[in-house]
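**Student:** Coordinates only, no sequence provided:
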């Protein structure tokens with residue numbers, strides 16, 4: 001799915017597909033954290049089940065107004081204990097599937113909000129492996 005932001009002054013998601021997204025035209029095929037103030041780093045997690053509070057500590061340190069968490073191809077909610085670093089810092093978090101998270105990030109970023117997208121991208125399944 002191609003996404004077209006209204007303006008290009010902020011980091012934006014240009015497209016999203018199963019197992020990838022395009023951030024400012026660069027194709028990314030792994031979990032990533034990025035923000036409207038230019039923040040960006042690889043997110044060292046490739047499975048929803050392995051997310052811990054430590055994964056959200058670096059995001060909390062960015063001090064955004066809100067974090068848009070993309071849980072992958074389907075909507076899944078994290079336990080509050082995993083989100084504790086964001087909750088303790090008073091940072092809002094919205095959870096949605098990754099495609100919706102990319103669209104929502106673009107909208108908030110284009111409204112000049114300090115938003116961070118945390119997008120979980122699972123590696124492709126091995127040939128012949130059962131799907132989740």
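**Tutor:** Noted; the coordinates are in hand. The shown structure was predicted, so the numbers you read here are calculated from the model rather than taken from an experiment. Residues are numbered from 1 along each chain as shown.
**Student:** Which of the three states applies to residue 54?
**Tutor:** Three-state secondary structure (criterion: DSSP: H, G, I helix; E, B strand; the rest coil) places residue 54 in helix.
**Student:** helix or strand right after the lengthiest helix in the chain?
**Tutor:** Using DSSP state H to assign secondary structure, the helix with the most residues in the chain is helix 98-110. Proceeding N to C from helix 98-110, the next assigned helix or strand is strand 115-119, under DSSP states H and E.
**Student:** quick one: that next one to helix 98-110, angle?
**Tutor:** For strand 115-119 against helix 98-110, the angle between stretch directions is 160 degrees (axes from the mean of the first three to the mean of the last three C-alpha atoms, to 10 degrees).
**Student:** Helices of this structure, start to end?
**Tutor:** With DSSP H as the definition, the chain shows helices at residue ranges 53-61, 84-88, 98-110.
**Student:** and the second one, what does it pack onto?
**Tutor:** For helix 84-88, the contact count by 3 or more C-beta pairs under 8 Å, 6 or more residues apart in numbering; DSSP states H and E identifies helix 53-61, strand 92-96 as packing neighbours. Yep, even glycine has a C-beta here, placed from its N, CA and C like the rest.
**Student:** follow-up on the earlier one: go through the helices of the chain and pick out the most buried.
**Tutor:** Highest mean neighbour count among the helices of the chain (mean count of other C-beta atoms under 10 Å): helix 98-110, with a mean of 21.
**Student:** starting at the chain centroid, how far to that helix?
**Tutor:** Put simply, helix 98-110 sits 9 Å off its chain's centre (C-alpha atoms, centre = their mean, to the nearest Å).
**Student:** okay, the angle between it and strand 92-96?
**Tutor:** An angle of 140 degrees separates the directions of helix 98-110 and strand 92-96 when computed by the same axes, to 10 degrees.
**Student:** what's helix 98-110 in contact with?
**Tutor:** By C-beta atoms under 8 Å, 6 or more residues apart in numbering, the list of residues contacting helix 98-110 from outside reads 1, 3, 5-7, 10-13, 16, 21, 34, 36, 66, 68-73, 75, 94, 96, 115, 117, 119-121.
**Student:** Where does pLDDT dip in the protein?
**Tutor:** Scanning the chain for pLDDT under 70 picks out the ranges 1-8, 124-132.
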